[in-house]
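Novice: Got a sequence here, can you build the structure:
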Amino acid sequence: MDAPETTPPPAWPASHLARGAFVLALAAACTGVVVVATGGFRLVLPGLRVSARSPWPPLLAALSAAGIGVLLDPRGGGVHLRWLGEWLRRRAAMLALGVSLITLVTGVIHGSVVPSGADASGYLSQAARWRAGDLRLHEPAILQAPWPDAAWTYAPLGYRPGRTPGDLVPTYPPGLPLHFAVAGAAAGEAGMRLVVPLLGALGLWCVFVLGHRLVGPFCGLAAAALLASSPPWLQHLVQPMSDVPAAAWWLVSFALALARTSRRASLALAVGLGAGIAWLVRPNLVLLLPLPLWLLLRARGPWPSTRLRTLAMYAAGVFPAVALMACINTRLYGAPWVSGYGGAAELFALAHVAPNLRLYAGWLLAVHAPLLVLGSMGLVVLLLLREPTADLRTAAPVLAAMLVLVVASYLVYAPFESWTYLRFLLPAIAVIALAAGGALEAPSQAAWPGAPVAALLVLVALAGTSWREARDLGVFTTASRERRYGLAATWVARHAPPGVQLLAAQHSGSLRASTPHTVLRWDLIDTGRRSSDDRAWLDLAWTAAAGQSSWLVVDAEEEPVFRRRFASVSELGRLDWPPSASTDPPAAVRVYRLDDRARYLAGQAVETARIGRD
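Specialist: Modelled structure (predicted):
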């Protein structure tokens, strides 16, 4: 019997051109899926603008490229799909690096280092204090104020009264401000802008490394892409806040703990340094500190002498962070175990568990339902349907403990009312992304030749859907919204004469960070006092606030609150005259000179300057 005829492989140029056509077809298909998932996108870079509104052009381009590939190499679709699947697995590291680089670029383009709200102004202001060599702010007005709790009324967002009368000290831990201080000293504002995006990109690369080591290359790629497109991850990639940096350093520590090297002592030291930095950035995750050590001990064999050496080197890595935190807490707050947030009893309580369960569960389902479903499928696949790798058997209990401890740490924490507080759970979301990556790794290894391509298209669809959710939640307009803080503070710094006192609430941190003027927190002046003595204190506080050289800086949405608090205390509380300056709406900031009211009522015109245009 004659052997069946087979189609000979094409000559070298045609073969390589065919493979290139299939890669282009896959890229075009992914673009089409992204357009379907996101509803379209626009990418604007210096000298380049790319936009896509309809999925049909990229999908038709994908079919055309695949057809060209078949014409150049007519050996059958299965051969081409199998080669493409193998190509994807070999290029997973390159694709994951691309995800990290896209994250870095996204953070730089959309990011902000404006000292805006409490967190951003607190971190950036503290970074400036580190560079100045003294974390304390001395405010002489505190010593002259006779009303109760005067120190708090002069403490801007991100600060609290210090142990020495007249001093204000930072509320926030020193980890992230030290990052900004070092980057600012090295490269100015440009260096500070890179801190969070660089750490975000590093964290994603570590997620890929973990997924690749534990399950396979496609798991690592999928986990990195799913975390990179997570709305809470993106929301805090573009702000000078500690959530992405803390998660990134924990991921660095875990990835290093699984590294294969004969230099175990050096590795344990590096793992401890990473864990120490992560804890220094976010100290309330202290329960995570033993986990990288547990992973090291599970991965390094049973010999007692090796374990003791590993323990000693890990402790040596963590010790600088612990020592620094103890020194700062003692100097600023009075004891190593007291933080700027206060004692543990003020923040943690079992009564918080029920409301936090409701809040976090609702937010996760609203923002991350597909990821939760895929992560649950991944757990089933990894634990029941396939033989786990040795690394997965080693790391699975540790990663599960990390997820549980992160969630437990915040269930007893003070509740908040915004989905953005999913940022607290970013280390746990990274673990869920790894489980979801495991769900996509299994089909990528299936016998069907098109399985890896199908798994990639599913991944692209899920990541695109998350990206659209982040866009719809306003993540990528964060920097433009927060720009008003910097504009207002710059205008005040330029126009306010020496001796002016600033009244502010939401803008107190940005004004104190960007101007030399005293800031009085109008929202902390207690207007609820009723006895004659208490009324006297209120009158004194308001007289100090409403001095002839006081300027009020408020968001437009704060004005009704200000009127309700102070209209019954003083006519100035009515804000019934034009502001001296204002940013453009919708997120308008207004600057009122309190002495303008008398001139305005006397018939003199009060011009409103447009901040950002002068």
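Novice: Does V519 belong to a helix, a strand or coil?
Specialist: strand (DSSP: H, G, I helix; E, B strand; the rest coil).
Novice: Tell me where the stretch 301-450 of the chain is predicted with low confidence.
Specialist: In the prediction, the stretch 301-450 of the chain carries residues with pLDDT under 70 at positions 301-305, 343-346, 385-386, 444, 446-447.
Novice: Excluding chain neighbours, what is closest to G464?
Specialist: Nearest non-adjacent residue to G464, counting by Cβ to Cβ, 6 or more residues apart in numbering: A37, 2.9 Å away. To be clear about C-beta, it is placed using only N, CA and C from the backbone, and glycine gets the same treatment.
Novice: can you give me the strands in the stretch 101-250 of the chain?
Specialist: With strands called from DSSP state E, counting those that start in this stretch, the stretch 101-250 of the chain shows them at 137-138, 159-161, 167-170.
Novice: hmm, who's touching the longest one?
Specialist: Here strand 167-170 makes contact (Cβ atoms under 8 Å, 6 or more residues apart in numbering) with 122, 125-126, 129, 135-139, 142, 151, 154-156, 158-163, 177, 332-333, 340.
Novice: how about 6 Å then?
Specialist: For strand 167-170, the external contacting residues (Cβ atoms under 6 Å, 6 or more residues apart in numbering) are Q126, L135, R136, L137, H138, E139, A155, Y159, G162, L332, G340.
Novice: Look up how far V33 lies from the last one.
Specialist: Right, the one you point to is G340. In this structure, G340 and V33 are 46 Å apart, going by Cβ to Cβ, to the nearest Å.
Novice: Looking at the two, which is more packed in?
Specialist: Here G340 and V33 are set side by side on neighbour count (other Cβ atoms under 10 Å), and the busier one is V33, at 23 against 20.
Novice: May I ask you to confirm that that one is in contact with L459?
Specialist: No. V33 is beyond contact range of L459, at 9.4 Å (criterion: Cβ atoms under 6 Å).
Novice: Kindly reformat the strands of the stretch 101-250 of the chain as JSON lines containing distance to M313.
Specialist: Below are those laid out as JSON lines (distance: least, Cβ to Cβ, whole Å):
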{"stretch": "strand 137-138", "distance to M313": "39"}
{"stretch": "strand 159-161", "distance to M313": "37"}
{"stretch": "strand 167-170", "distance to M313": "31"}
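Novice: just those: most buried one?
Specialist: Ranked by mean neighbour count, the strands of the stretch 101-250 of the chain are led by strand 159-161 with a mean of 23 (mean count of other Cβ atoms under 10 Å).
Novice: helices and strands around that one, which ones?
Specialist: The elements that strand 159-161 packs onto, with contact taken as 3 or more Cβ pairs under 6 Å, 6 or more residues apart in numbering; DSSP states H and E, do not include any helix or strand.
Novice: Quick check: closest non-adjacent residue to L81.
Specialist: The spatial neighbour of L81 that comes closest, neighbours along the chain excluded (Cβ to Cβ, 6+ apart), is P449 at 3.8 Å.
Novice: and that neighbour, backbone torsions?
Specialist: With angles defined as degrees, to the nearest 10, P449 shows backbone torsions of phi -60, psi -30.
Novice: need the contact list for it.
Specialist: Taking Cβ under 6 Å, 6+ apart as the test, what P449 contacts is G78, L81, R82.
Novice: Let's see that with 8 Å instead.
Specialist: Neighbouring residues of P449 by Cβ under 8 Å, 6+ apart: G77, G78, V79, L81, R82, G85.
Novice: Tell me which two in those are the farthest apart.
Specialist: For the contacts of P449, with distances taken as Cβ to Cβ, the pair at the greatest spread is G77 and G85 (12.2 Å).
Novice: Now do the longest helix seen in the chain, average pLDDT.
Specialist: Of all the segments of type helix in the chain, defined by DSSP state H, the longest one is helix 175-214. Averaging the model's pLDDT scores along helix 175-214 yields 95.
Novice: And the host helix or strand of V404, what's buried?
Specialist: Of the helices and strands defined by DSSP states H and E, V404 is found in helix 390-411. For helix 390-411, the neighbour count (16 or more other Cβ atoms under 10 Å) marks 391-392, 394-396, 398-399, 401-403, 405-407, 409-411 as buried.
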